[in-house]
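[1] Return atomic coordinates for the entry below.
(2 chains)
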Amino acid sequence: MTATSDREQMSYVAAQAADARVNVELDTGDMTLNIGPQHPATHGTLRIACRLDGEQIIVAEPIMGYMHRGYEKLCEVRTYPQCTTLINRIDWLGSFANEVPFILAAERLMEVEAPPRAQWIRTILFELSRIANLSLFLGDMGVQIGALTPVFFAFRDRERVLNQIEEVTGGRFHPNFDRIGGLKDDIPKGWVDETRSVMVKMRTFCDEMEDLLVGNEIFQARCRGVGVIPADVALGHGLSGANLRASGVDWDLRRDANPGLAWDQIDWRVWTHPDGDSFARYWVRLQETREATRIVDQLLDGIPSGPIMAKVPRIIKVPAGEAYISTENPLGEMGYYIVSKGDLGPFRVKIRTPSFNNISVVPWVMKGVYVPDVITILGSLYFILGDIDR
Amino acid sequence: MGDQPTSEEIPPSDEERESLLARLSESLGEILVDSHLRPHEDLWLRVRAQNWQDAARTAKAAGFAYFGFLSAIDWHIAPEGRYEDTEFDAGLVEEDDDEPVELDASTGYAGGDTRFQLLMQLYSLDRQLGLLIKADLGEDMTVDTLRDVFPGADWHERETHEMFGITFRGHPTLHPLYLPTDFEGHPLRKDFPLLARQVKPWPGVVDIEEIPEHLEAQLEAEVMAAFEAEEGEA
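    Okay, here's the model as predicted:
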């Protein structure tokens, strides 16, 4: 895989160099092109101001803030249980996963640990949000490139996962289900079997995506060698999640810094890809979705019995201290730095969102690419605007 | 060096982080002001602000190549902050009447002498450990940029600049990232009023239906009984 892609990369660079020569001969002037703020590839409202020389981009600068809601400030005037309502709305496609690191950080400060059953169900819901989030990406990436069919498949099958999340939490997108010390409720009767059959369907969906896109010649031509991010650049920019693993860095917080959830008790693997291009990012996410269904299957088999809430006071006061906990969310490393002064609410919350760092590599990676590739790169970096702007 | 964890039980030893702290304090030398270690959780370092860039380079050389985030903390307690004159918070302050002064004075792990403190998180993939670095900011509110060390710091510095008013020396594009260009003030400072909170005392007890008087005593007794039962179990 590396050899072919090396060759493709070389030919891509050569083609770019040839075009640059033509541009010099024709003396093409600079042109400014706005991409967004309302482009479907932006998952929200992100504007990218590009300066073009012919068809090539000289400078690309993302302009954000259209959706900045000031969550860090708002958290300061809320109590801990109230904060999760806001936090739900950061990455709205994988909401439950947003709540977990915040709750874990508060639990660490309170020196409370959720009972095993709660941790186990948390992990299941976490992985279900990952599947819901990533399955949309798997179809959406096709639309960016011009293939319409996959996204309908994605919406159809994502709904099944959302139904399972809704059945437990009562909310499709914003569950607000995680509590300090455990979970709000137990899982309903019959849910385990239903989820198991949904996981089978999701694996079929992954196979479909593999047939429709990964094996597709046009898809490969549009994605291979486009938007290559080497590992050192990725690390320096703080890229995380599948974007980092697609650059060949074998790092997954679920395995390497598990904050107490059930991932260390089952058998699964971390997928990486050496190429670092758009294709690699798609491929890694596809494998991760499939792996997540396997994780859920194993977790469903072994849910321990017991209570779902630890003993916590009715009025939650978090002792003074500081804690930073991050987890491997669908988009990458999501963490909360909580400063507590012993109040009902946090003194300061720093929300470290994956998309903010992931998208900060755009000015670097867009230099010299063609206009159509901008959409490929944006689509493959996969960000949610709520996750950038917070 | 620094304040040791002061929990009652003997803290479990965390050899990895202890050896890391020893190594880093050796290579940082006098740049390191203070440190704090929570075994098996995290390691905090406080460095001198004028050596902010050196500290980042030293950490990077020690294997902390992954840039997590950069931000700041405002330790100022503002009348417009949490301690709003809502019923909700008024009750809170009253309840804590004996200790609020002590709470207000604290400036977090590894200490702090000034109002504003920079905060950065780095991660080492070799060690699988995180590292939190802080620095006290002086009156000039200026510090060297980390763009040359970690390119990812670019946007974080822009955000910190507009939210806290901290200047990063050597950063070429310190224009606003989120806020409109003509925005005045630095929203994440504690003395920046949250207008929504000023005009409507929310969230607070005002939204809750009052309990009828004849039920209040009964309910209170029930809650107290539940608390006592819980304490008895624990």
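[2] Which stretches in chain B count as strands?
    Assigned by DSSP state E, chain B shows strands spanning B:32-38, B:42-47, B:66-74, B:116-124, B:129-136, B:142-144, B:167-169.
[3] I misspoke; the intended subject was chain A.
    A:30-35, A:47-53, A:56-63, A:178-179, A:182-183, A:321-329, A:332-340, A:348-352.
[4] so which of these comes closest to chain B?
    strand A:348-352 (4.2 Å; CB to the nearest CB). Bear in mind the C-beta positions are built from the backbone N, C-alpha and C, glycine included.
[5] Give me the spatial nearest neighbour of B:S13, chain neighbours excluded.
    B:P39 (6.6 Å; CB to CB, 6 or more residues apart in numbering or on different chains).
[6] List the contacts of B:W44.
    The neighbours of B:W44, taking CB atoms under 8 Å, 6 or more residues apart in numbering or on different chains as the test, are A:E322, B:S35, B:H36, B:L37, B:Y109, B:A110, B:L132, B:I133, B:K134.
[7] so where's chain B shaky on pLDDT?
    B:1-12, B:77-107, B:197-198, B:200-211, B:230-234 (pLDDT under 70).
[8] What about it, which residue is the most distant from its middle?
    B:H214 (44.6 Å; CA atoms, centre = their mean).
[9] residue contacts, that residue?
    So B:H214 contacts nothing (CB under 8 Å, 6+ apart).
[10] do A:W271 as well
    A:R245, A:V284, A:Q287, A:E288, A:E291.
[11] Give me the local confidence score for it.
    A:W271 carries a pLDDT value of 89.
[12] Please tell me how far it sits from chain B.
    17 Å (CB to the nearest CB, to the nearest Å).
[13] For that residue, give me the backbone phi and psi.
    A:W271 adopts backbone torsions of phi -100, psi 140, taken as degrees, to the nearest 10.
[14] With adjacent residues omitted, what lies nearest to it?
    A:Q287 (4.0 Å).
[15] The one you found: neighbour count?
    19 (other CB atoms under 10 Å in any protein chain shown).
[16] same question, A:T79
    Neighbours of A:T79 (other CB under 10 Å): 18.
[17] Can you tell me the centre-most residue of chain A?
    A:L331 (1.3 Å).
[18] and it, what does it touch?
    A:D91, A:G94, A:N133, A:G241, A:T353, A:P354, A:S355, A:N358, A:Y382, A:F383, A:I384, A:D387.
[19] Local confidence estimate at it?
    Note on A:L331: pLDDT of 89.
[20] excluding its backbone neighbours, what's nearest it?
    Per CB to CB, 6+ apart, closest to A:L331 is A:P354, 4.2 Å.
[21] my guess is that neighbour meets A:M334, correct?
    Yes: contact status for A:P354 versus A:M334: in contact at 5.6 Å, counting by CB atoms under 8 Å.
[22] Now for those two: what residues contact both?
    Joint contacts of A:P354 and A:M334 (CB under 8 Å, 6+ apart) are A:D91.
[23] Am I right that A:G335 is in contact with B:D42?
    No: between A:G335 and B:D42 there is no contact under CB under 8 Å: 11.2 Å.
[24] Can you tell me, leaving aside adjacent residues, what's nearest to A:L33?
    Nearest non-adjacent residue to A:L33 (CB to CB, 6+ apart): A:C50, at 4.7 Å.
[25] If you tally nearby residues, what's the number for that neighbour?
    With other CB under 10 Å as criterion, A:C50 counts 19.
[26] ok, it - contacts?
    A:T32, A:L33, A:N34, A:I35, A:I57, A:V59, A:A60, A:E61, A:M366, A:V371, A:V374.
[27] Please produce a ChimeraX select command covering the buried subset of those residues.
    Per 16 or more other CB atoms under 10 Å in any protein chain shown, the buried members of those correspond to this ChimeraX selection:
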select /A:35,57,60,366,374
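[28] average model confidence for stretch A:202-216?
    Mean predicted lDDT for stretch A:202-216 stands at 88.
[29] Just the CA trace of that stretch, in CSV.
    The C-alpha coordinates for stretch A:202-216 follow below in CSV (Å, rounded to 0.1, in the frame of the first residue of the first chain):
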residue,chain,number,x,y,z
MET,A,202,-23.7,-1.7,11.3
ARG,A,203,-21.0,-4.2,10.3
THR,A,204,-23.0,-4.8,7.0
PHE,A,205,-23.1,-1.0,6.6
CYS,A,206,-19.3,-0.8,7.0
ASP,A,207,-18.9,-3.5,4.3
GLU,A,208,-21.2,-1.6,2.0
MET,A,209,-19.1,1.6,2.5
GLU,A,210,-16.0,-0.4,1.8
ASP,A,211,-17.5,-1.7,-1.5
LEU,A,212,-19.0,1.6,-2.5
LEU,A,213,-16.1,3.9,-1.7
VAL,A,214,-12.9,2.3,-0.6
GLY,A,215,-12.8,0.0,-3.6
ASN,A,216,-14.0,2.8,-5.9
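[30] Around B:Q218, how many other residues sit close by?
    10.
[31] distance of the residue positioned nearest the centre of chain B from chain A?
    Nearest to the geometric centre of chain B sits B:I73, at 5.1 Å (CA atoms, centre = their mean). B:I73 is 5 Å from chain A, where distance means CB to the nearest CB.
[32] can you tell me which residues contact the residue lying closest to that residue once chain neighbours are set aside?
    Leaving aside its sequence neighbours, B:I73 sits nearest to B:Q117 (CB to CB, 6+ apart; 4.8 Å). Residues near B:Q117 by CB under 8 Å, 6+ apart: B:A72, B:I73, B:W75, B:T107, B:G108, B:K134, B:A135, B:D136, B:L137.
[33] If we use 7 Å, what do you get?
    B:Q117 is in contact with B:A72, B:I73, B:W75, B:K134, B:A135, B:D136, B:L137, counting by CB atoms under 7 Å, 6 or more residues apart in numbering or on different chains.
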